[in-house]
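J.: pasting the sequence and the predicted coordinates here, then a few questions.
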Amino acid sequence: MFHSTPYNLNGIFNPMFSNEGTSYKDIEIKNPQDMFKNTEFLGVDKNDKEPDIIGYAHIHTPLIVKYKNKTIFNTGSVGIPIEMRNLDEKDENNKFSTVASYMILEGELDSMEQGNISFTQVRVKYDIEKEIENINNSDMPNKRNIIKSLRTAISEENIQNI
């Protein structure tokens, strides 16, 4: 498990849509196999066995993807899970994206044997207004855009363009 990619904290892997034409295009990983690499950044030796399952976050898009008999999952986000590129704050399709998302994995930890495993994506109501109250009471910079992101499931980058 790692934050964004096995190479750094800011890379992007999202098989749901391409970042071509966005400011993220140069940090996007397009080949799913690259997500399973053992890297110095992860503190893993490149000669170690590559994992069969990896979990990551960063993009806030909850997903489970099978690739060459391996599994990639993204937990989503508590706050702004984003299933699509939301650009219109009035689009009613965005509303589902404002619920929290997390993943439950069940299986045998650190097993080197093939065995049973399950992935359960859980969606729960998230008290956005309570979080907004906490943000308003903080000294967090850029509060306006963060609050708008929480209410609309539109990323901060896209909010600045609206």
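T.: Good, I have the coordinates.

J.: please make it C-alpha for all contacts and neighbour counts, starting now.
T.: OK.

J.: so where's the chain uncertain?
T.: Residue ranges of the chain with pLDDT under 70: 79-98, 153-162.

J.: how about 50 then?
T.: For the chain, the stretches with pLDDT under 50 are 162.

J.: do a quick rundown of the strands in it.
T.: 53-56, 63-67, 70-74, 100-107, 117-124 (DSSP state E).

J.: if you count neighbours, what's buried in the shortest one?
T.: To tie it back to what came earlier, the one meant is strand 53-56. Neighbour counts over strand 53-56 (16 or more other CA atoms under 10 Å) mark 54-56 as buried.

J.: just the CA trace of it, in CSV.
T.: The C-alpha coordinates for strand 53-56 follow below in CSV (Å, rounded to 0.1, in the frame of the first residue of the first chain):
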residue,chain,number,x,y,z
ILE,A,53,-2.2,-6.8,-4.8
ILE,A,54,-1.6,-3.1,-4.3
GLY,A,55,-3.7,-0.4,-2.7
TYR,A,56,-3.2,3.3,-3.2
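
J.: mind listing what that strand pairs with, with the direction of each?
T.: Taking DSSP bridges as the criterion, strand 53-56 pairs within the sheet with strand 70-74 (parallel).

J.: buried ones in the partner strand, by neighbour count?
T.: 71-74.

J.: quick one on the thing from earlier: which of the strands of the chain sits closest to Ser4?
T.: strand 53-56 (5.6 Å; CA to CA).

J.: which other residues reach that closest one?
T.: Contacting residues not belonging to strand 53-56 are listed as 1-5, 35-36, 70-75 [CA atoms under 8 Å, 6 or more residues apart in numbering].

J.: hang on, the earlier thing: how about JSON lines for the buried residues of strand 53-56, with distance to Leu42 added?
T.: Putting these into JSON lines (distance: CA to CA, whole Å) gives the following:
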{"residue": "Ile54", "distance to Leu42": "12"}
{"residue": "Gly55", "distance to Leu42": "13"}
{"residue": "Tyr56", "distance to Leu42": "12"}
